[in-house]
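Asks: sharing a model that was predicted from the sequence below.
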Amino acid sequence: MTGPAILGLAFVAGLLAWGLPGGGLWLLGLGLVMAGVRSSAIARRLPWLDPSLKPLFWVVAGCVGLMATLYLQWRLPQPGTDDISRAIARLEQTGQAIELATVRGQVDSAYQITQSGKARFWLQSTQLLQIPTATGPAINPPPQNLAQSVTGRVYATVPLLQATGLKPGQMVEVTGQLYRPQRPTNPGGFDFAWYLQREGSFAGIFGQTVQTIDGAVQPDSWWSLSAFNPQMVRKRLVQSLVKVMGFPEGAFLGALILGRLAVDLPADLQTTFVRAGLSHVLAASGFQIVVILGVFLGLIRVRPLPLGVAIGGGILLGGYVWLAGASPSVLRAGLMGAAVLWGMAQQRQVNSLGALLAVVVVMLCWNPLWIWDLGFQFSVLATLGLVVSATAIAQRLSWLPEFASEPIASALAATIWTIPVQLWAFYQISVYGPIASALTSLWVSVLTVTGLIAAVAIGLLPPLGNWLASGLVYPVRGLLTFGEWIASWPGSAIAVGAISIGQLLVLYLLLVAVWQLPWFQRANRWGLVAIGALVVAIGPGWLARSGELTATVLDAGSQPMLAVRDGGRLLLAGAGDLPMAQFTVLPFLRQQGINRIEVGVVMSDRPDRRRGWLRILEQQPIANLYDQPLQTAASNVDRAMVSAARVRNGRYSNLTAGQTLRMGRANLTIIDPIAPALTLELGKERWFLLGNCSVAQQKLLAQTGQLRSVTGLWWPGQDLAPELVAALQPRWAIASTRELAPTVTPLLQSQRAQLYQTGEDGAITWTADQGWRAALDSIPSDQPL
């Protein structure tokens, strides 16, 4: 390995080391060790150590790694003096309630649709017009003494109808609830605060209304509103495709061409392609660049490539990068494509590995925060896999026809090198991804090329473009059906649980060993490496969870959810809506390595609090689902739950009084199925689980004489009847809420019960050895995404 390559790798490693305790000091220490080795007699016995690299070089390489860590810390966005987040913090410190605020600013991006059906966009704030406090209601128009000048980007989420017609550059006023993003409060939860910080934002607003300020456009915003703004061009292109092809076919073709970040795709469709292992076809990256470059070189058959033609190809690639939004992954692919064109024009063979490293280093020098962009990581690792492993895999598949071996080899090479990061970030792996990728490679390539041609034709010759797009309806629909079919296969996505940084490093060391060491490169030893990687990825987590008995009360606002895990078996009880299931429960199950729920208990008869169970059933089989008896006619949600449970070979039944549900060492007894009220026994522990029932119902429960003292109480946070608390005599109580009823705290204090509140403490986990522990106390403050 050459000196410049080592320095480039040291720079990248230093950026990655920023997320570790000590950061680049580890690399500096490694550099000093290598300098010592190089100075000793041991160096002669190490053939891989280049003798031309002097001890000083290794010291310099270690310093480069340390400086890279410091450079990323220096470039990490921080809130300015007048940032709107500081105004929120000042009000929180003075005890003022931030119930409603009006923020004036400039729309900084085209809006996108969230998975919950709302619109989101970036707002460059200029003025905070109104912050009502707890002393009085909102005043409209706001008094001038409450207005203050602010700066900073705000992550705005508003009802979809309120965002209709918004364009980048417009001045608007968004009224809603301001907030500062928090660290993840649930195991496996998305680190929203870290995501916003990388985007230079430290505040958000749940908007209720958006008011456009007529004629108020920033002087430098003419480009944002012009017809040549890429965001506006993408929006018109996708709208044209949807108009001709319908929805979701038109939107899906737009995602094939430009990537899913540029198109509003239904959340269910995105989830389907993730489970099928085909999420890469919806991510604008190297695949689209390869297709465009291949078509261009196929049409221009002149060799060597004239410089003017190479420049034209570069302009073509630049145009696509501009149109797709210049995300880090697209920009990386475009720069490598340009390097290929330059090499062909100069009649030189481009070193793909060197070009990849050079492009990565240049991009990270420009913006070191891209090192934590998952799309960028997947793009780089997939390209690395294609460069170093595709040929070797294709040779092992020589018994297959060439038209089949090459796509399979490429898919396997790209997938293998991205699996460790998939496990680190998402805790699961798509089993059939390589097969699905190989089978759809040619299919997606044809759709991408013809889709691009149709999109361009729609803008230049609408009749021709419409005709071409209409002819792609059935191929696109076929690809959608194929993705749904693959995702429906048993075990299409397997959760393995969280892996440590040590496991991640060992997995990549195994891949590097197969790439670099001859002993590992023999075909009959690949199986041993695969088994070793499987043991490294699954073994530590399986051993740690085997025989462990834990209970976790998740933080989901006022929506209660309790998960009890006995080894690899899980009992899930509670209620919640779709967002709660999608962003709280399912990530938690993946992080715990759960692929099947043994017992599910629905603790609400409200349709909006039962939709979350329907989403869980769609992605996780539940062996035994027990439902709270309905007091009204069954809704569509109720019927869909019954159908989904039985389709996944599960058993569905209603809760009955006196019934005991057993799962390993956990016993759940039903006291009242309507309230509902249940007792959970875990060894010597005995807990009382209460649904969202009234004080009158609680008094009736206390009068039945069936209640006896318990270790703890878990309930959604509503008022508690003194008679119930006196009968239970809990030593601790957990409220699944952000706002506790005012009478609860004194009542529990009278019983000397320790009180936990998920809205303040985050998720709370119990183990037999440590008792209860709040999640917020165990998450480091500088943990990267």
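Replies: Perfect, thanks for sending it.
Asks: mind listing what's buried in the helix or strand that contains Leu161?
Replies: Assigned by DSSP states H and E, Leu161 belongs to helix 160-163. For helix 160-163, a neighbour-count test (16 or more other CB atoms under 10 Å) marks Gln162, Ala163 as buried. Just so you know, the C-beta spots here come from the backbone N, C-alpha and C atoms, and that holds for glycine as well.
Asks: what are the contacting residues of that helix?
Replies: Tyr111, Ile113, Gly117, Lys118, Ala119, Phe121, Gly207, Gln208, Thr209, Val210 (CB atoms under 8 Å, 6 or more residues apart in numbering).
Asks: min pLDDT across those residues, which one?
Replies: Across the contacts of helix 160-163, the bottom pLDDT score, 81, is held by Gly117.
Asks: can you report how many residues lie near the closest residue to Phe202 other than its chain neighbours?
Replies: Leaving out its chain neighbours, the residue that sits closest to Phe202 by CB to CB, 6 or more residues apart in numbering is Ser85, at 3.7 Å. Residues lying near Ser85 (other CB atoms under 10 Å) number 22.
Asks: was I right to think Ser85 contacts Ala203?
Replies: Yes. Using CB atoms under 8 Å, Ser85 is in contact with Ala203, at 4.3 Å.
Asks: per-residue pLDDT, the residue nearest to Phe202?
Replies: Value listed for Ser85 in the pLDDT field: 91.
Asks: between the two ends of stretch 319-338, how far is it?
Replies: 12 Å (CA to CA, to the nearest Å).
Asks: and that stretch, what's buried?
Replies: Quick answer for stretch 319-338 (16+ other CB under 10 Å): 320-321, 323-325, 327-338.
Asks: list the contacts of that stretch.
Replies: 230-231, 233-234, 258-259, 261-262, 283-286, 288-290, 292-293, 313-314, 317-318, 352, 355-356, 359-360, 362-363, 367, 370, 373, 375-376, 378-380, 383.
Asks: filter the residues you listed down to the buried ones.
Replies: 230-231, 233-234, 258-259, 261-262, 283-286, 288-290, 292-293, 313-314, 317, 352, 355-356, 359-360, 363, 370, 373, 375-376, 378-380, 383.
Asks: of these, which belong to helices?
Replies: Judged by DSSP state H, the buried ones among the contacts of stretch 319-338 include 230-231, 233-234, 258, 286, 288-290, 292-293, 313-314, 317, 352, 355-356, 359-360, 363, 375-376, 378-380, 383 as members of helices.
Asks: give me the residue at the spatial middle of this structure.
Replies: Residue closest to the mean C-alpha point of the chain, counted by CA atoms, centre = their mean, is Phe190 at 6.1 Å.
Asks: what helix or strand is that residue located in?
Replies: Counting by DSSP H and E, Phe190 is part of no helix or strand.
Asks: then Leu630?
Replies: In this structure, Leu630 sits in neither a helix nor a strand according to DSSP H and E.
Asks: what about the spatially closest residue to Met641 that is not a sequence neighbour, distance to Asp577?
Replies: Leaving aside its sequence neighbours, Met641 sits nearest to Leu614 (CB to CB, 6+ apart; 5.4 Å). Separation of Leu614 from Asp577 (CB to CB, to the nearest Å): 10 Å.
Asks: over to Arg234?
Replies: Applying CB to CB to Arg234 and Asp577 gives a distance of 31 Å.
Asks: equivalent analysis for Phe376, please.
Replies: Counting by CB to CB, the gap from Phe376 to Asp577 is 33 Å.
Asks: can I get the biggest strand by length in the chain in CSV, CA atoms only?
Replies: Criterion DSSP state E: the longest strand present in the chain is strand 201-217. Backbone C-alpha positions of strand 201-217 (Å, rounded to 0.1, in the frame of the first residue of the first chain) are rendered in CSV as follows:
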residue,chain,number,x,y,z
SER,A,201,-30.7,22.5,13.0
PHE,A,202,-31.4,22.5,16.8
ALA,A,203,-35.2,23.1,16.9
GLY,A,204,-38.4,21.9,15.4
ILE,A,205,-42.0,23.0,15.3
PHE,A,206,-45.2,20.9,15.1
GLY,A,207,-47.1,23.4,13.0
GLN,A,208,-50.8,23.8,13.0
THR,A,209,-51.1,26.6,10.4
VAL,A,210,-48.9,28.1,7.7
GLN,A,211,-49.5,31.6,6.5
THR,A,212,-47.8,32.9,3.4
ILE,A,213,-46.6,36.4,3.5
ASP,A,214,-47.7,37.9,0.2
GLY,A,215,-44.9,39.5,-1.8
ALA,A,216,-42.3,38.7,0.8
VAL,A,217,-39.5,37.0,-1.0
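Asks: so what are the sheet partners of that strand and their directions?
Replies: Its sheet considered, strand 201-217 pairs with strand 153-158 (parallel), strand 170-179 (antiparallel) by DSSP bridges.
Asks: pull the distance from the shortest one to the chain's centre.
Replies: If I follow you right, that is strand 153-158. With CA atoms, centre = their mean, to the nearest Å as the basis, strand 153-158 stands 19 Å off its chain's centre.
Asks: ok, stretch 201-218 next?
Replies: Chain-centre distance of stretch 201-218: 26 Å, with CA atoms, centre = their mean.
Asks: which residues touch that stretch?
Replies: Under CB under 8 Å, 6+ apart, the answer for stretch 201-218 is 79, 83-85, 88, 101, 103-104, 106, 122-123, 125, 152-159, 162-163, 165-166, 169-181, 196, 225.
Asks: lowest-pLDDT helix or strand in this structure?
Replies: helix 222-225 (a mean of 43; mean pLDDT, DSSP states H and E).
Asks: Pro168 is in contact with Asn229, correct?
Replies: Yes. Between Asn229 and Pro168 a contact is recorded at 6.6 Å, counting by CB under 8 Å.
Asks: now do the shared contacts for the two.
Replies: What both Asn229 and Pro168 touch, as defined by CB under 8 Å, 6+ apart, is an empty set.
Asks: apart from its neighbours in sequence, what residue is nearest Val242?
Replies: Closest to Val242 by CB to CB, 6+ apart is Gly250, at 3.4 Å.
Asks: what strand or helix carries that neighbour?
Replies: Counting by DSSP H and E, Gly250 is part of helix 249-258.
Asks: pLDDT of that helix, averaged?
Replies: 87.
Asks: likewise stretch 495-502?
Replies: Mean per-residue pLDDT for stretch 495-502: 90.
Asks: how far does that stretch stretch from start to finish?
Replies: Stretch 495-502 end-to-end distance (CA to CA) = 19 Å.
Asks: what's the next secondary structure element after the helix ranked longest in the chain?
Replies: What stands out as the longest helix in the chain, according to DSSP H, is helix 433-460. Using DSSP H and E, the next helix or strand after helix 433-460 towards the C-terminus is helix 462-470.
Asks: with just CA atoms, put that following helix into PDB.
Replies: Taking C-alpha atoms only, helix 462-470 is exported to PDB below (Å, rounded to 0.1, in the frame of the first residue of the first chain):
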ATOM      1  CA  PRO A 462     -45.100  15.900 -24.200                       C
ATOM      2  CA  PRO A 463     -47.000  13.600 -26.600                       C
ATOM      3  CA  LEU A 464     -43.900  11.400 -27.100                       C
ATOM      4  CA  GLY A 465     -43.000  11.400 -23.400                       C
ATOM      5  CA  ASN A 466     -46.600  10.500 -22.400                       C
ATOM      6  CA  TRP A 467     -46.600   7.600 -24.900                       C
ATOM      7  CA  LEU A 468     -43.300   6.300 -23.600                       C
ATOM      8  CA  ALA A 469     -44.300   6.600 -19.900                       C
ATOM      9  CA  SER A 470     -47.700   4.900 -20.500                       C
END
